[in-house]
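>>> next come a sequence and a model predicted from it.
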Amino acid sequence: MRHWLRQNRGFLVFMLLLGLFRSAVADWNPIPSGSMHPNILEGDVVLVNRLAYDLKLPLTERVLMHLGDPQRGDIVTFTSPRDGVRLIKRIVAVPGDRIAMHDKQLVINGQRASYVAVAPPAGGAALDAPWQAQPYLEQLAGNQRTIQWLPGVLARDNFQALTVPEGQYLMLGDNRDNSADSRYIGLVPRPLLTGKAVRLLLSVDILGAWWPRWERFGQALG
């Protein structure tokens, strides 16, 4: 055993440093589901900045220092408060916001979101088969992003107005009719946030022939 450790100490040190880096500074996560269509697809690998909000003790969830505050519109990875699964969603409401959803449309602090239909991306329909996704440009509270609805799919399209408590966040997937988000798992406490997803590292068509999607490599998220 000692001989093996001496022979492989360089590799073991590298793996230890890599683990510390991924747990405290930056991480990369493959995307297995379509809850963030049309902006993040199955087969994308996202770069997550773990220092965007908090400095944590490596290999733990203990917060050593707050470095920044999550903002509306940020795409974040976090641990589900319901079952501990790692998820990626968009922050739609921050502490102090009054938010409601009426027939799919969001209302924040008395301001109703506007929705403008846009053309579906080329090849996007197959990702949400058998439904024909309809993307919209959603503008709300100084933010805009492309979201989509799946006509004919039953989802939680309404919830009563609530005020987001201090230290918690309301998350929604951009694929509003196919996302296990705060409508189902509840609000997300800040300590469960992992970091901010900032960029696509690479992308592979895992639903097709596994060809690289070169046009998505390095694409910024927003």
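That came in fine, so what should we check first?

>>> how far away is Asn29 from His66?
Counting by C-beta to C-beta, to the nearest Å, the gap between Asn29 and His66 amounts to 23 Å. In this view, the C-beta of every residue, glycine as well, is placed from N, C-alpha and C.

>>> what is the neighbour count of Tyr184?
11 (other C-beta atoms under 10 Å).

>>> ditto for the one 10 residues further on
Around Thr194 sit 23 other residues, with neighbours defined as other C-beta under 10 Å.

>>> same question, Gln111
Counted with other C-beta under 10 Å, Gln111 comes out at 13.

>>> do I have it right that it meets Gly142?
No. Counting by C-beta atoms under 8 Å, Gln111 sits too far from Gly142 to count as a contact (9.5 Å).

>>> could I get the full set of helices for this protein?
2-7, 9-24, 182-185 (DSSP state H).

>>> Pro81 against Ile185, yeah?
Yes. Assessed by C-beta under 8 Å, Pro81 is found in contact with Ile185 at 6.1 Å.

>>> if we can go back for a sec, between Asn29 and His66, point out the one with more neighbours.
The neighbour comparison of Asn29 against His66 (other C-beta under 10 Å) goes to Asn29, with 18 against 10.

>>> quick check: the more buried one touching Ile75?
No. Contact criterion C-beta under 8 Å: Asn29 and Ile75 do not qualify, at 11.3 Å.

>>> which residues are in contact with each of those two?
Counting by C-beta atoms under 8 Å, 6 or more residues apart in numbering, the common neighbours of Asn29 and Ile75 are 46, 88, 197.

>>> distance-wise, check the second one relative to Asn158.
From Ile88 across to Asn158, the span is 24 Å (C-beta to C-beta).

>>> could you find the closest non-adjacent residue to Ile91?
For Ile91, ignoring the flanking residues on the chain, the nearest one in space by C-beta to C-beta, 6 or more residues apart in numbering is Asp74 at 4.8 Å.

>>> that neighbour and Asp83, how far apart?
Plainly put, Asp74 is 23 Å away from Asp83 if you go by C-beta to C-beta.

>>> one step back: neighbours around the residue nearest to Ile91, how many?
Neighbourhood size, Asp74 [other C-beta under 10 Å]: 25.

>>> what sits against it?
By C-beta under 8 Å, 6+ apart, the neighbours of Asp74 are 52, 90-91, 196.

>>> of these, which belong to strands?
The strands, defined by DSSP state E, take in 90-91, 196 from the contacts of Asp74.
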